[in-house]
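Student: Mind looking at a prediction? Sequence and model below.
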Amino acid sequence: MIQMVNASKILDRVLVLEMVRVTEAAAIAASRLVGRGDEKAADAAAVEAMREALNNLAIDGTVVIGEGERDEAPMLYIGEKVGTAPGDAPAIDIALDPLEGTTITAKAGPNALAVLAIAEKGCLLNAPDVYMDKLAVGPGYPPGVIDMAKSPADNVRAVAAAKGVDPHEIIACVLDRPRHEKLIAELREVGCGIMLIPDGDVAGVIATTDPDTTIDIYLGSGGAPEGVLAAAALRCVGGQLKGRLIFRNDDERARARKWGIEDLDRVYDLDELASGDCIFAATGVTDGSLLDGVKRLKGGLMTTDSVVMRASSGTVRWVKGEHRARS
Ligand SMILES: O=P(O)(O)OC[C@H]1O[C@](O)(COP(=O)(O)O)[C@@H](O)[C@@H]1O
Ligand SMILES: [Mn+2]
């Protein structure tokens, strides 16, 4: 017998599949610009398509993680209302990255995604567009196995001990950035393998939850908005994620305070980044560890590969789409 899970009433189940339409639209739009060397055009196409798709849904949505602040982003800015039912449908918060991997897309590299998460009002951290230090593992580890207070080497050792292997057998995923030189050197000392990714740490964090990727732990800094999106995904599939905002100047600190963040040194746990019920959806733009990219086939046929998951039920759905150009 299938056990019915006490799912939240706020996020309608129908929305689960509606979310996929939204990420599919953004991925298809961006896919026209894969390998064209134009990051801005690829991003703009994804943003426009995602916005249009969101505005076709009967939701009362507010973008809390978006393309930037109102004065710097013409569309899907933080605070923008989307959906056709303001005041009628339950209010939901939306975190989005219409094209997570703009540079990857421009260079036709791996792992570019269109990403979206929705949650009940107030359940997503209103993270400013600053960096976040991230530390993540997939499901199955004892609580507290990763700890921001510990060194990267000690985190790798703890994960290795919990997995029952030598630290040499652990694979860490890290964004390939000069700022990670020290982190990488320390990991080299422990002797673990390091998968250096050019971009795309939403996919990097989620990769820890999929044994096929062989990635055990994610470490290093990337965008804070991407941290919240990755947290929404891990809330659905399990795993642990710690995040700490990084401020490089007073302007960034002021921005955090503007969004209600008082304790600037706080280490956020997974359910402080994304709490309550949430739905996470992603569609591949280019082929990657999580999803295949959009394929353009003969006769105007296009295929998409998406995943949509929900925290309250723990259901993960893999959705293959076929899209036909209508003449
Ligand atoms: O390139 P930076 O400044 O190191 O920032 C890292 C962030 O950029 C990305 O690699 C790509 O993000 P965008 O394509 O959305 O700009 C993220 O995955 C990551 O969190
Ligand atoms: Mn991004």
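Tutor: Received it, and whenever you're ready, just let me know what you need. Ligands and ions are numbered 1, 2, ... in the order given.
Student: how about I246, what does it touch?
Tutor: Counting by CB atoms under 8 Å, 6 or more residues apart in numbering, I246 touches 130-133, 221. The C-beta positions use only the backbone N, C-alpha and C, and glycine is treated the same way.
Student: Helix or strand for whichever residue of the chain sits closest to ligand 1, just tell me which one.
Tutor: Nearest residue of the chain to ligand 1 (CB to the nearest ligand atom) works out as G222 at 2.8 Å. Using DSSP states H and E, G222 sits within strand 217-223.
Student: partners of that strand, with directions?
Tutor: According to DSSP bridges, strand 217-223 forms sheet pairs with strand 131-137 (antiparallel), strand 171-175 (parallel).
Student: Which pLDDT does the model give the nearest residue to V285 once chain neighbours are set aside?
Tutor: Closest residue to V285 apart from its sequence neighbours, by CB to CB, 6 or more residues apart in numbering: A112 at 3.9 Å. Note on A112: pLDDT of 98.
Student: what's the neighbour count on the residue in the stretch 151-300 of the chain positioned nearest to ligand 2?
Tutor: Going by CB to the ion, ligand 2 is nearest to E226 of the stretch 151-300 of the chain, at 5.1 Å. If you count neighbours by other CB atoms under 10 Å, E226 ends up with 25.
Student: That one: what's its closest spatial neighbour, skipping adjacent residues?
Tutor: Per CB to CB, 6+ apart, closest to E226 is V202, 5.0 Å.
Student: The one you found - that's part of a strand, no?
Tutor: No - under the criterion used here (DSSP: H, G, I helix; E, B strand; the rest coil), V202 is helix, not part of a strand.
Student: How many residues are close by it?
Tutor: When neighbours are counted by other CB under 10 Å, V202 registers 29.
Student: what's the nearest residue to R32 if we skip its chain neighbours?
Tutor: Spatial nearest neighbour of R32, excluding adjacent residues (CB to CB, 6+ apart): A45 at 6.5 Å.
Student: Looks to me like the one you found is in a helix.
Tutor: Yes - if the criterion is three-state DSSP, then A45 is within a helix.
Student: Point out where the stretch 201-327 of the chain drops to low pLDDT.
Tutor: 327 (pLDDT under 70).
Student: Helices along that one, start to end?
Tutor: 201-207, 224-237, 250-258, 270-273 (DSSP state H, counting those that start in this stretch).
Student: picking that back up, quick check: phi and psi on the residue nearest to V285?
Tutor: For A112, the backbone dihedrals (degrees, to the nearest 10) come out as phi -80, psi 140.
Student: what two of the contacts of I246 are the furthest from one another?
Tutor: For the contacts of I246, the farthest-apart pair by CB to CB is V130 and D133; their separation is 10.7 Å.
Student: quick one on the thing from earlier: deepest of the strands paired with strand 217-223, which one?
Tutor: strand 131-137 (a mean of 24; mean count of other CB atoms under 10 Å).
Student: any bit of that one sitting next to ligand 2?
Tutor: No - judged by CB under 5 Å from the ion, strand 131-137 and ligand 2 are separated, with a smallest distance of 12.0 Å.
Student: So what touches that strand?
Tutor: 145-148, 155, 159, 201, 205, 208, 216-224, 226-227, 230, 234, 239-246, 248.
Student: Give me the buried entries from the residues you listed.
Tutor: 145-146, 155, 159, 201, 205, 208, 216-224, 226-227, 230, 234, 239-245 (16 or more other CB atoms under 10 Å).
Student: ok, which residues in the chain are in contact with ligand 2?
Tutor: Looking at ligand 2, the residues of the chain close enough under CB under 5 Å from the ion are 97, 100.
Student: And ligand 1, is the helix of greatest length in the chain touching that?
Tutor: Using DSSP state H to define each element, the chain has its longest helix at helix 14-31. No - on the criterion CB under 6 Å from any ligand atom, helix 14-31 is out of touch with ligand 1, staying 10.3 Å away.
Student: From the contact counts, what lies against that helix?
Tutor: For helix 14-31, the packing partners by 3 or more CB pairs under 8 Å, 6 or more residues apart in numbering; DSSP states H and E come out as helix 39-54, strand 91-100, strand 113-120, strand 278-284, strand 301-310, strand 316-324.
Student: If we go by neighbour counts, what in that helix is buried?
Tutor: So for helix 14-31, counting by 16+ other CB under 10 Å, buried means 15-16, 18-31.
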